Structure formats: structure tokens, C-alpha cells
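Undergrad: only the shape, not the letters, is given here:
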């Protein structure tokens, strides 16, 4: 195989690892899977997400022991992902379009739904053959908050999402 082809294959494998880390971080948020989230970031990584700016270790410490909020649902949908890998520098950048939605119950009992469109702007670093996020910037494009009205079409027999480790994802291979 030619050296150019080997380089191209190495870039493709790096891009695949990076995209998987992006998807795992979204899944970790939605499932409140602390261990999975930690595995997506280097221990010395930082994040600027507007509501939080600092080392991810501090964010993870807050999230890990946060009480579970009843009736709170979070969902990320990942769209376009552009990755540029610099193999010789052991780093990459990724821009990920994402929209996230959550439902919560206000103090007056009103169910509120928020949809936020963001871009994750990530710096990845490769260390010992592993790609993880070193720095994440969250760029907000827009957000909409709406009270939920109407009938809930969910039936008691429907499978619904749960937090880790109770979600069906964690048991489908059992």
C-alpha cells in the first residue's frame, strides 16, 4: 500500500473515532450516563457552554451527584458533523450541528418543552492512540420554549427512555 493511502486510512479511522465520541457524548447526556460522558473527554479538558465555563472535571463533579429530577427528559439529535484531522499534530477539530430538546414540569405544573439549536465546536486530541475531546465550545443559534398542550399519545405499554443503567440500550445484548 502507498504511503498516501496509509495516511488516508489513518485519517478515516481517526474521523470515525471522533464521530463516535461526539455521538457517545450526546447519548451520555440523554441517559445521564456519567461514566460514558467522562470517557469522551480528556481529564484536563475544558468546556465553554455559556452556563458553564471551566474544566469538565468540575462540571462532571456537579452532574454526578445531582438529584434526578422527576419527569425531566433530555434528547439530543446530531446532524452535520465536519471533522478535520491533523494527524502529524495529533489533533483535530470538529463542528457538530445539534438540536437538543428537554421537557420539564414548572412549579405550577405546566409541562414546558424547550428546543435549542447549537453547534459543538470541539478540539480533539489523540493520546496513545485514543481520540477524545480536549476543548468544547457550545455556540447557540436559537432556542424556543413552549408550554405543552394537548393529549399525551404515550401509552403505558410503550417502551420509554430511562437513565443509565435502566434504559433498554444497556440490556439489548443480554
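TA: It's in. Keep in mind that this is a model prediction, so the values were computed, not measured. Numbering: from 1, shown residues only.

Undergrad: so residue 39 is in which element?
TA: helix 34-40 (DSSP states H and E).

Undergrad: need the helix or strand of the protein with the lowest average pLDDT.
TA: For the chain, the helix or strand with the lowest mean confidence is helix 56-64, at a mean of 84 (criterion: mean pLDDT, DSSP states H and E).

Undergrad: now the element after the helix holding residue 39, going C-ward?
TA: Past helix 34-40, the next helix or strand by DSSP H and E is strand 41-48.

Undergrad: list the buried residues for that following strand?
TA: Of the residues in strand 41-48, 41-42, 45-47 count as buried by neighbour count, 16 or more other Cβ atoms under 10 Å. C-beta: built from backbone N, CA, C; applies to glycine.

Undergrad: what's it packed up against?
TA: Using 3 or more Cβ pairs under 8 Å, 6 or more residues apart in numbering; DSSP states H and E as the contact test, the elements touching strand 41-48 are strand 53-55, helix 56-64, strand 130-147.

Undergrad: can you list the ones you listed in a markdown table and add distance to residue 76?
TA: Below are the helices and strands packed on strand 41-48 laid out as a markdown table (distance: least, Cβ to Cβ, whole Å):
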| stretch | distance to residue 76 |
| --- | --- |
| strand 53-55 | 20 |
| helix 56-64 | 15 |
| strand 130-147 | 12 |
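
Undergrad: what's the least confident stretch among these?
TA: Lowest mean pLDDT within the helices and strands packed on strand 41-48: helix 56-64, a mean of 84.

Undergrad: from the buried residues of strand 41-48, which two are the most distant?
TA: The span of those, defined through Cβ to Cβ, is set by 42 and 47 at 11.5 Å.
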